[in-house]
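Chemist: Here is my input; please provide its structure:
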Amino acid sequence: MLPVNNTLPFYFDEEDVHDIFIAASHNIKHLSMLKVLFYCCLRASEICKLEDKDINFKTMTIKVREGKMGKDGIVYLTEDCIKTLKRYLEIRPQLKIEGKTPLFYTDHSNLFDRRDIYKMFIHYKTLAGISKPGGVHVFSRHSPGCLMIKKGS
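Modeler: Alright, predicted model coming up:
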């Protein structure tokens, strides 16, 4: 029998997450992206594939297409995330790229790549003064899970 590893991986705590959101608050697109990443526990590659049609404000869900191992899924949005997304969508022009209407696209009207998401996250993590290890995957996958475990959810 293998030994059980009950230690939590490193993660960003609630204060870190708050500080990252504050650091990005001057850019509604980036703040929306960070909130969708964190609250929906998305991978960087998954947020790059989101289209306008994937958001359903009525059911408070996002359809994730072609996630890990090519699987589709549904994730729930929080009220805070919806509020920020709606503010972003009010000012964002709708744009078609490669026959798709991406939810998020670059300032040069291109689709985001997961490396772009990583760079954006590192920028705001640095701006927030956070020096602990971890990139966007730790922020959007490990941190929400660890915080739920910590709270007993």
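
Chemist: List the neighbours of stretch 13-22 that are in contact with it.
Modeler: 12, 31, 34-35, 38, 121, 124-125, 128-130, 132, 139, 143, 147 (Cβ atoms under 8 Å, 6 or more residues apart in numbering). The way it works is simple: take the backbone N, C-alpha and C, and place the C-beta from them, glycine included.

Chemist: repeat for stretch 23-35
Modeler: 20-21, 47, 80-81, 84-85, 87-88, 91-92, 104, 117, 120-121, 124-125, 127-128, 139.

Chemist: For L37, the count of nearby residues, please.
Modeler: 24 (other Cβ atoms under 10 Å).

Chemist: quick one: the strands in this structure?
Modeler: All strands of the chain, identified by DSSP state E, fall at 55-56, 61-64, 73-76.

Chemist: thinking again about what came up before, and the contacts of stretch 23-35, which of them are in helices?
Modeler: Using DSSP state H to define helices, the subset of the contacts of stretch 23-35 located there is 20-21, 47, 80-81, 84-85, 87-88, 91, 117, 120-121, 124-125, 127.

Chemist: And those, which two are furthest apart?
Modeler: I91 and K125 (24.9 Å; Cβ to Cβ).

Chemist: Excluding covalently adjacent residues, which one is nearest to the residue nearest to the spatial centre of the chain?
Modeler: For the chain, L37 is the residue whose C-alpha lies nearest the centre (Cα atoms, centre = their mean; 1.1 Å). Excluding the flanking residues, the one nearest L37 by Cβ to Cβ, 6 or more residues apart in numbering is S140, at 4.0 Å.
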